[in-house]
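In: A predicted structure for the sequence below; I have some questions about it.
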Amino acid sequence: MELDLTGDLRDDAYLILAGLVTPRPIALTTTLDEEGRVNAAPFSFFNVLGDSPPIVGLCPGDRSPGVPKDTARNIRLTHEFVVNLVDEALAEKMNLCAASLPPGANELDHAGLTAIASTAVKPPRIAEAPVSLECKSWGILEIGDNRLIIGEVLRIHVRDGILDPTTWRINPGTYYPIGRMQSPHWYCRTTDQFEMKRPG
């Protein structure tokens, strides 16, 4: 099967790519609007892109054609955001943050999540998240209808016990993020892991 995304299938690219390029990590992203109100929204078109400087990429789609979602609008205004990673314990509440709420409504309150102060940026992080990345926007690339937000990671908050402070490696059995699978409602667990050493 060969799929030509430059032709008749262009409008189906999201369904095809979102189903095949999996699992994807989930960025439960917190921002502030111009009035200081908190917004929290999950995105799976997200990943770490580099380490020198440490950067992440986040691609929030539009609410409707040409109308950016609150996350993208807030980042353009304030240049700051926090990526809160999602594990199994946080999954259901992350899903509640995806609800379409009235403008200005606080998704964290709606989901029963706790906002706590960040260190280097104004948007809060989420207390229940196993990992939070405080980010400053490095730039926003507009490619067609896509919006790629590149954020420099300034601070990382990690739940105690997840990282070995002498090796910076994950302690086995302490961190089980979930992954986004095919649209519309599929996710995966990461409890079934295996080790495969690279050849020398």
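Out: Right, received. Where do you want to start?
In: use CA for all of it now, contacts and neighbours both
Out: Fine.
In: What are the phi and psi values at residue 85?
Out: Per-residue torsions, residue 85: phi -80, psi 160 (degrees, to the nearest 10).
In: Give the full set of residues in contact with the residue nearest to residue 139 when sequence neighbours are not counted.
Out: Once flanking residues are discounted, residue 139 sits nearest to residue 150: 5.5 Å by Cα to Cα, 6 or more residues apart in numbering. Shown in contact with residue 150 (Cα atoms under 8 Å, 6 or more residues apart in numbering): 55, 56, 57, 58, 137, 138, 139, 140.
In: can I get those residues in CSV with secondary structure and pLDDT?
Out: As requested, the contacts of residue 150 are exported to CSV (DSSP: H, G, I helix; E, B strand; the rest coil; pLDDT from 0 to 100):
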residue, secondary structure, pLDDT
55, strand, 98
56, strand, 98
57, strand, 98
58, strand, 97
137, strand, 98
138, strand, 97
139, strand, 97
140, strand, 96
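In: in this protein, which ranges drop under the pLDDT threshold?
Out: Along the chain, the model assigns pLDDT under 70 to no residue.
In: hmm, try it at 80
Out: Applying pLDDT under 80 to the chain flags residues 63-66.
In: ok, now which ones touch the most centrally placed residue in the chain?
Out: For the chain, residue 27 is the residue whose C-alpha lies nearest the centre (Cα atoms, centre = their mean; 1.3 Å). By Cα under 8 Å, 6+ apart, the contact set of residue 27 is 41, 42, 43, 44, 46, 58, 83, 84, 85, 86.
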